[in-house]
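Asks: predicted model follows, preceded by the sequence.
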Amino acid sequence: MMSATFVQLVIISLEIGSVYVLFSLGLTLIFGIMKVVNFAHGQFFAVSAILVTILVPFLAAHGLPVLPAYFLATATTVAVTVMIGWGVYQFGLVRFLRDMEGAFILTLGLAMLSDGLMLSIFGGAPRPEPVIVPGTVRIFAVAVLAQHVVVFGAAVCITGALYWSMTATRLGKALRAIASDHEAAMLQGIPYRRLSRDGFLIATALAAIAGALMAPISEVTPAVGNDYLMNGFMAVVVGGLGSVPGAILGAMFIAVIEAVGGYYVGPSAATMAIFVMVIVVLLIRPRGLLGRA
């Protein structure tokens, strides 16, 4: 019979990993299409998480039940974050498509500016987790908060929907064609700039959804996006830059090491183990586990 500790660690790994997967998919989508790394991706995540922790209590205080308040807050924050992402793309990144150095400077500067703005506006104190689904459920005799199960289920459904859309819809196939060879795709009539914009906005929405899902299961601060950016970036490097299955695999590896290592040897040692794993993978397979040459 499985021990309660083992079941608990598996559940925690799945919870953390499901959010990391959504976050990492956004990063790998941007790199696959635009061939740049968006260092402001974590700020989209943080903005969404913070706004959810503000809007849910506000809406609940005005008579709306907590669960509908959470859905409305999530829809609002995703819309606001996507609008911010549109501004970042339209007035900044559109000039640095497939320009790694220029995009690095721009997005890193935006990330630093956003950190300062969020800290001055929202303060640095952790924000409490909104309780959206009260109670617990038992999984293999282990009590788990119901809202953690709901968050995990939602993340799995969104990931599955994205994976299906990338393989079965015209938009998804066009994005994959651009990621494979953008010049050949353009010769076939695929509008590269418009689809780059669409891909960037989808990635921004994924970061916002991940932030909204994380808000009920973890404390939120303006700096939370930086932590997720680091782990998300390592996940896509391990899985292979531009590979959707690789991002999923890398995110789950990071989550397992963080949960299991954090329990047995402490958070600091777990973080070191993640860096060691990244180094070993890059030495053995420089393009990542599922990355293309």
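Replies: Yep, that arrived. Computed from a prediction, not measured in an experiment: that's the story for all the values here.

Asks: CA only for contacts and neighbour counts going forward, please
Replies: Fine.

Asks: can you name the element that comes right after the helix or strand of the chain with the lowest mean pLDDT?
Replies: When each helix and strand of the chain is scored by mean pLDDT, DSSP states H and E, strand 142-145 comes last, with a mean of 79. Sequence order places helix 146-168 as the next helix or strand after strand 142-145, per DSSP states H and E.

Asks: and that following helix, how far out from the chain's middle?
Replies: Distance, stretch centre to chain centre, for helix 146-168: 12 Å (Cα atoms, centre = their mean, to the nearest Å).

Asks: what residues does it touch?
Replies: By Cα atoms under 8 Å, 6 or more residues apart in numbering, the residues outside helix 146-168 that reach it are 14-15, 18-19, 21-22, 131-137, 171-173, 175-176, 210, 213-214, 216-217, 244.

Asks: can you show me the CA trace of that helix as CSV?
Replies: Extracted in CSV, the C-alpha atoms of helix 146-168 (Å, rounded to 0.1, in the frame of the first residue of the first chain):
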residue,chain,number,x,y,z
ALA,A,146,-10.5,20.7,-3.0
GLN,A,147,-9.4,23.9,-4.7
HIS,A,148,-6.0,22.3,-5.4
VAL,A,149,-7.7,19.5,-7.2
VAL,A,150,-9.9,21.9,-9.2
VAL,A,151,-6.8,24.0,-10.2
PHE,A,152,-5.0,20.8,-11.3
GLY,A,153,-8.0,19.7,-13.4
ALA,A,154,-8.3,23.1,-15.0
ALA,A,155,-4.6,23.2,-15.9
VAL,A,156,-4.8,19.7,-17.4
CYS,A,157,-7.9,20.6,-19.5
ILE,A,158,-6.3,23.8,-20.8
THR,A,159,-3.1,22.1,-21.6
GLY,A,160,-5.0,19.4,-23.5
ALA,A,161,-7.0,22.0,-25.4
LEU,A,162,-3.8,23.8,-26.4
TYR,A,163,-2.1,20.6,-27.5
TRP,A,164,-5.2,19.7,-29.6
SER,A,165,-5.4,23.1,-31.1
MET,A,166,-1.8,23.0,-32.1
THR,A,167,-2.3,19.7,-34.0
ALA,A,168,-5.8,19.9,-35.3
